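Engineer: I need the structure of the sequence given here:
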Amino acid sequence: MSEGDGGRLPSTVRRVLEPFVDRTVAERVLISIAAILLSIGVGFVIVLVSGRVAQCSTAAWTMPVTGLGFCYDPVQVYVVLFNGALGYPFAVGEPAVFNPAWTPFNLSFGLTLSETTLLIFTGLSVAVAFRAGLFNIGTQGQLVVGALATALTVLALAPLLPAGPIAGVALVAVGTLAGAVGGGLWGAIPGALKAYTDANEVITTIMLNFVAANVAYVLVLEVFRAEGSSVVATRYVPDHAQFRPWLFPASSDFALLALLVGVGFIGGLYYLLEHTTFGYDLRTSGVQAAAAEYGGVNAKLTTVRAMTLSGALGGVGGAVWVLMSEGRWIESVPDLGFDGITVSILAGNNPLGVLPAAFLFGLLKGGALEIGFRTDVPTELVGVLRGLIILFVAMPEFFRMAGRYVGLGSDGPGGPEAAEPDDGSGGGGDAVGNGGDDAVGNGGDDAVGIGGDDVGGDAVGIGGGETDA
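Structural biologist: Down below sits the predicted model:
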C-alpha cells in the first residue's frame with residue numbers, strides 16, 4: 001500500500017487510524033500522559049494477579065475491604081520504578097514531600113541519564129532514516145561498527161600523544177569522528193543497495209546487523225583482543241581519552257558533557273532537516289520520491305546520503321558507549337540500536353521529541369534496576385511493566401504515522417480536503433515558480449507536490465495545498 005491509498009482503506013482501518021492523525025502537539029502530549037496512566041493501571045492488575053499466584057510467607061500488600069493478601073505490592077513497585085530512577089527525590093511515607101538529603105548527582109539518576117544519553121544518538125539515527133522514508137533496522141550494527149572503530153582509533157593514537165587534557169580532548173574528538181565514519185560507511189551500504197538495486201532496506205539492514213556483530217567479534221577475538229582477557233574485548237582506552245563523569249559517581253557510567261553533546265546533536269539535526277536544502281530534499285524524497293524527482297531532487301543520491309547520516313549517528317552512539325560507559329569494545333554490546341527504533345516512534349520521528357522519549361526509556365531502565373534491588377518482584381515481571389508503558393505510549397504515535405503514511409487526515413489525500421478540486425496551477429502563496437512563500441523554484445520552506453494535494457508528512461506537491469511540516 002502506498003501513500004495516498006487512504007481512500008481505498010477498509011472502513012474499519014480508517015476509523016481506527018483517523019482519530020490519531022490530526023492531533024496538535026498538546027493533544028499528543030495529553031494522549032501520551034493518558035497512555036502512561038492506563039499502562040500503570042493495567043500493570044497494577046498484572047502485579048496483583050502475579051502476587052496472588054506467587055508463593056510467599058508474608059503478604060507484601062493487603063487489599064482494602066477484602067483483606068486478600070498479595071506477595072507483591074503494586075504501589076511499591078511503581079513508586080520504586082519512577083522515584084528510584086531519580087534517586088528518591090520524594091520522601092514517600094514521610095511527613096515531608098521531598099527528601100532533604102536528595103541531590104541530582106546521585107548514582108541512580110546517573111544511570112538513568114547514561115541510558116538516556118546513549119538512546120539520544122540511536123533515536124536520532126532511526127529518526128533520520130524514517131524521515132527519509134527508509135526503515136533503518138540496522139542502527140545496532142552501525143553502532144557496533146562505530147564502537148569498534150572508536151576503540152581501535154583511540155588505542156592506536158593514544159601512545160603518540162602525551163597524556164593530558166589536551167590530548168584527551170583530541171582523542172575523544174578523533175575517536176567520535178572515527179565512530180561516525182565507521183557507522184556512516186556501514187549505513188551507506190544498505191542505502192546504495194536501496195537506491196541502485198531497489199533492495200529492501202529492512203532486509204539488508206537486519207542482515208548487516210548480524211554481519212557487523214560477527215565480523216567485529218572475530219576481529220577482536222583474533223587480532224585486537226586484550227592480552228589475558230577472559231572475555232572477547234579490546235584493551236581499555238586511556239582514562240584521559242574518555243568522557244569524565246563530572247559531578248556524578250564514576251560507577252554511574254555517565255558524563256554530563258556527553259549528554260550536552262547529544263542535546264547539541266538534537267538541535268543540529270533539527271535545523272538540518274527543517275531549515276536546509278538537504279533536509280528538504282531528504283524529507284520530500286521520503287514522502288513522495290516521484291514528486292521530489294520532478295522538483296529536481298536526486299532521490300537515489302538522497303537515499304544514500306540519508307542512510308549514511310543515519311549510520312553516522314548510530315556510529316556516534318557507539319563511540320559514546322565506548323568513551324563514556326564501557327571504556328573498551330566488548331562483545332556484549334547492549335541493544336541500543338533496537339531501542340532507538342521505539343525511541344524514534346515515541347518522538348514522532350522529530351529530533352526535538354527524541355530527548356523526552358530517550359529520557360522515558362532511561363527512566364524505565366533505571367527504575368527497573370531499582371526494583372530488582374529493593375523488591376522481590378521477578379525481573380521478568382519488571383520487563384513486562386516496562387514493555388506495557390512503552391507499548392501504550394508508542395501505539396498512538398504509530399497509528400498517527402501509519403495514517404499519515406497512507407494519506408489519511410484533513411490535509412492528506414485521503415482526507416476531506418482531497419475531495420475539493422484543485423486546478424493544479426498554483427497561485428497565491430503556494431504558487432509554483434519564483435513567487436510565494438511556499439513556491440517551488442527559488443524554494444520557500446514549504447514545497448509542493450504533483451497534483452495539488454498535500455501528501456502528508458513533510459512532502460509537498462505542485463500547485464496545491466501547503467504541506468504539514
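
Engineer: Please make it C-alpha for all contacts and neighbour counts, starting now.
Structural biologist: Noted.

Engineer: Residue 141 and residue 212 touch, don't they?
Structural biologist: Yes - counting by CA atoms under 8 Å, residue 141 does reach residue 212; the two are 5.3 Å apart.

Engineer: buried sites along stretch 67-86?
Structural biologist: 69-74, 77-86 (16 or more other CA atoms under 10 Å).

Engineer: and these, which of them are in helices?
Structural biologist: Using DSSP state H, the subset of the buried residues of stretch 67-86 located in helices is 74, 77, 78, 79, 80, 81, 82, 83, 84, 85.

Engineer: In the buried residues of stretch 67-86, find the pair that's most separated.
Structural biologist: Farthest pair in those (CA to CA) is 69 and 86. Separation: 29.6 Å.

Engineer: thought residue 319 was touching residue 145?
Structural biologist: No - counting by CA under 8 Å, residue 319 stays clear of residue 145, with 9.3 Å between them.

Engineer: Pick out whichever of the two has more residues nearby.
Structural biologist: residue 319 (35 against 32; other CA atoms under 10 Å).

Engineer: From residue 241, how far off is the more buried one?
Structural biologist: For residue 319, the distance to residue 241 (CA to CA, to the nearest Å) stands at 12 Å.

Engineer: Please apply the same query to residue 389.
Structural biologist: 37 Å.

Engineer: out of these two, which sits in the more crowded spot?
Structural biologist: The neighbour count for residue 389 versus residue 241, taken as other CA under 10 Å, is higher for residue 241 (25 against 22).

Engineer: residues contacting the more buried one?
Structural biologist: The neighbours of residue 241, taking CA atoms under 8 Å, 6 or more residues apart in numbering as the test, are 154, 158, 167, 168, 169, 171, 172, 323.

Engineer: Also residue 378?
Structural biologist: Here residue 378 is in contact with residue 372 (CA under 8 Å, 6+ apart).

Engineer: swap in residue 270?
Structural biologist: So residue 270 contacts 350, 351, 352 (CA under 8 Å, 6+ apart).

Engineer: how does it look with 10 Å?
Structural biologist: Residue 270 is in contact with 124, 128, 264, 276, 279, 350, 351, 352, counting by CA atoms under 10 Å, 6 or more residues apart in numbering.

Engineer: Any chance of these in a markdown table with pLDDT and secondary structure as columns?
Structural biologist: Converted to a markdown table, the contacts of residue 270 look like this (pLDDT from 0 to 100; DSSP: H, G, I helix; E, B strand; the rest coil):
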| residue | pLDDT | secondary structure |
| --- | --- | --- |
| 124 | 98 | helix |
| 128 | 96 | helix |
| 264 | 97 | helix |
| 276 | 94 | coil |
| 279 | 92 | helix |
| 350 | 92 | coil |
| 351 | 96 | helix |
| 352 | 94 | helix |
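
Engineer: Redo these as CSV? Include neighbour count.
Structural biologist: As requested, these are exported to CSV (neighbours: other CA atoms under 10 Å):
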residue, neighbour count
124, 33
128, 30
264, 12
276, 13
279, 21
350, 21
351, 24
352, 16
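
Engineer: any idea which of these is closest to residue 382?
Structural biologist: Among those, and counting by CA to CA, the member closest to residue 382 is residue 124, at 26.8 Å.

Engineer: Please report how far that closest one lies from residue 390.
Structural biologist: Distance from residue 124 to residue 390, by CA to CA: 18 Å.

Engineer: Quick one: low-confidence residue ranges for the chain.
Structural biologist: Applying pLDDT under 70 to the chain picks out residues 1-9, 16, 93, 95-96, 404-469.

Engineer: Give me the buried positions along the helix or strand containing residue 394.
Structural biologist: Assigned by DSSP states H and E, residue 394 belongs to helix 379-405. Buried residues in helix 379-405, counted by 16+ other CA under 10 Å: 382, 385-386, 388-405.

Engineer: what's the overlap in contacts for residue 319 and residue 145?
Structural biologist: Common contacts of residue 319 and residue 145, defined by CA under 10 Å, 6+ apart, comprise 178, 179, 180, 182, 183, 329.

Engineer: can I get the CA coordinates of whichever strand or helix holds residue 214 in CSV?
Structural biologist: Assigned by DSSP H and E, residue 214 belongs to helix 201-219. In CSV, the C-alpha atoms belonging to helix 201-219 read as follows (Å, rounded to 0.1, in the frame of the first residue of the first chain):
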residue,chain,number,x,y,z
GLU,A,201,16.4,-1.8,3.3
VAL,A,202,14.6,-3.7,6.1
ILE,A,203,16.1,-7.0,4.9
THR,A,204,19.6,-5.6,4.2
THR,A,205,19.9,-3.7,7.4
ILE,A,206,18.7,-6.6,9.5
MET,A,207,21.2,-8.9,7.8
LEU,A,208,24.0,-6.4,8.2
ASN,A,209,23.4,-6.3,11.9
PHE,A,210,24.5,-9.9,12.1
VAL,A,211,27.4,-9.3,9.7
ALA,A,212,28.6,-6.4,11.8
ALA,A,213,28.3,-8.2,15.1
ASN,A,214,30.1,-11.4,13.9
VAL,A,215,32.9,-9.6,11.9
ALA,A,216,33.6,-7.3,14.9
TYR,A,217,33.6,-10.3,17.2
VAL,A,218,36.1,-12.3,15.0
LEU,A,219,38.4,-9.3,14.6
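
Engineer: residues of that helix that come out buried?
Structural biologist: 201, 204, 205, 206, 208, 209, 212, 213, 216, 217.

Engineer: Name the single longest helix found in the chain.
Structural biologist: Across the chain, the longest stretch assigned as helix under DSSP H is helix 165-197.

Engineer: and the angle for that helix with helix 201-219?
Structural biologist: With axes from the mean of the first three to the mean of the last three CA atoms, to 10 degrees defining the directions, helix 165-197 sits at 140 degrees from helix 201-219.

Engineer: Which parts of the stretch 301-450 of the chain are strands?
Structural biologist: Secondary structure of the stretch 301-450 of the chain (DSSP state E, counting those that start in this stretch): strands at 432-433, 440-441.

Engineer: wait, residue 216 sits on residue 332?
Structural biologist: No - Residue 216 lies out of contact with residue 332 (CA atoms under 10 Å); the separation is 11.4 Å.
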